[in-house]
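In: can you look at this prediction? I've put the sequence above it.
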Amino acid sequence: MRLENRVALITGASRGLGKAMAIAFAKERASVAINYVKNYKQAQLICEEIVEVGGKAIPVQADVSKVEEVNAMVKTVEDVYGNIDILVNNAGLFAPFNLIEDSPTNIDRLYEVNIKGVIYPVQAVVDKMKESNYGRILNISSIAGLGTAFAGTSGYSATKAAVISLTKRMALELGEFGITVNCIAPGFIKTDMALRGGLTEASPEDLKAVADKAMLNRIGEPEDIAYTALFLVSDEASFITAQTLTVDGGRKDFLSHSA
Ligand code: NAP
């Protein structure tokens, strides 16, 4: 049991990648706090599934872009579990934004959720992590943050590049306290965000076209990210920090970019 006695807070865990990470961590005996913003029912269902098989899970509501809500969420988790050892900043938003066509204010919500929503949870957990001289922080960026030519992603990709940069800065500031900070840059993974955001009517042809861009000739599953996350938050990754790991099936159109 790789996460025995560990407590993990995963933002945006009511669906998609966050849900898969919560289930994977709970299977390895972590107590998990499942953050959601709107979808209480879904978050509660995942908790019930985990508890039914002997795990520990609680749903915790907060909009990660609101500092008071994030602080209250962290306090709730600490009150219930005593401590937070692992923080995954996964909650994120995709919205189309083109530099030429859109008003600068259209980028505000992307900035708030995808950037502030990574900074606030770290600020809220870090004092206690420092006290225990242990912590695992994992940020979820995107291959869009490494450079993408996909239409409409000028805003999203800038926020995801910021997450990669923040990962390095956080790792630099927190390393001396036994806290590692790493990042995953996923490619196209089959979740609500990917299916709605990029390919509105995700037809089999659309999906095949995306799959064809990967050297492994398939679209990613949430579990592909969950297993990578599991390694990066485990004790086995204790000498890895400030890194961004791309998990995208080997994109043929990103050959010239490196994290
Ligand atoms: P998703 O299916 O759209 O799920 C988003 C999750 O984030 C939900 O649990 C949602 O909660 C939560 N959320 C949204 N806004 C929030 C907020 N302001 N505060 C707290 N929680 C919030 O997304 P996903 O595909 O799993 O994406 C997860 C992360 O991976 C994101 O950071 C995304 O940018 C990144 N990513 C995804 C892909 C992909 O292909 N899927 C690729 C690269 C990167 P509710 O259910 O309550 O709405």
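Out: Perfect, I can see it now.
In: which ones are touching whichever residue of the stretch 51-200 of the chain sits closest to the ligand?
Out: Proximity of the stretch 51-200 of the chain to the ligand (Cβ to the nearest ligand atom) peaks at G92, 2.2 Å away. Bear in mind the C-beta positions are built from the backbone N, C-alpha and C, glycine included. Counting by Cβ atoms under 8 Å, 6 or more residues apart in numbering, G92 touches G12, V113, N114, G117, I140, S142, K160, M193.
In: pLDDT and neighbour count for the residues you listed - can I get that in a markdown table?
Out: Listed next are the contacts of G92 as a markdown table, based on pLDDT from 0 to 100; neighbours: other Cβ atoms under 10 Å:
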| residue | pLDDT | neighbour count |
| --- | --- | --- |
| G12 | 98 | 27 |
| V113 | 98 | 23 |
| N114 | 98 | 28 |
| G117 | 99 | 26 |
| I140 | 99 | 25 |
| S142 | 97 | 28 |
| K160 | 98 | 27 |
| M193 | 90 | 17 |
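In: could you list which of those also contact the ligand?
Out: Restricting the contacts of G92 to those near the ligand by Cβ under 6 Å from any ligand atom leaves G12, V113, G117, I140, S142, M193.
In: contacts only, for the fifth one.
Out: Read it as S142. S142 sits next to G92, Y156, S157, K160, A185, P186 when contact means Cβ under 8 Å, 6+ apart.
In: JSON lines for those, including distance to F254 and secondary structure?
Out: Listed next are these as JSON lines, based on distance: Cβ to Cβ, whole Å; DSSP: H, G, I helix; E, B strand; the rest coil:
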{"residue": "G92", "distance to F254": "19", "secondary structure": "coil"}
{"residue": "Y156", "distance to F254": "16", "secondary structure": "helix"}
{"residue": "S157", "distance to F254": "12", "secondary structure": "helix"}
{"residue": "K160", "distance to F254": "13", "secondary structure": "helix"}
{"residue": "A185", "distance to F254": "10", "secondary structure": "strand"}
{"residue": "P186", "distance to F254": "12", "secondary structure": "strand"}
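In: mind putting the residues you listed into a markdown table with distance to I179?
Out: Supplementary listing: those in a markdown table, determined by distance: Cβ to Cβ, whole Å:
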| residue | distance to I179 |
| --- | --- |
| G92 | 22 |
| Y156 | 28 |
| S157 | 27 |
| K160 | 22 |
| A185 | 21 |
| P186 | 23 |
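In: list the contacts of the residue most central in space within the chain.
Out: In the chain, the residue lying closest to the centroid (Cα atoms, centre = their mean) is N90, at 2.0 Å. In this structure, N90 makes contact with I10, T11, G12, A13, L17, G18, M21, I140, judged by Cβ under 8 Å, 6+ apart.
In: pull the distance from the host helix or strand of the fifth one to the chain's centre.
Out: Counting by DSSP states H and E, the element that carries L17 is helix 16-27. From the chain centre to the centre of helix 16-27 is a distance of 11 Å (Cα atoms, centre = their mean, to the nearest Å).
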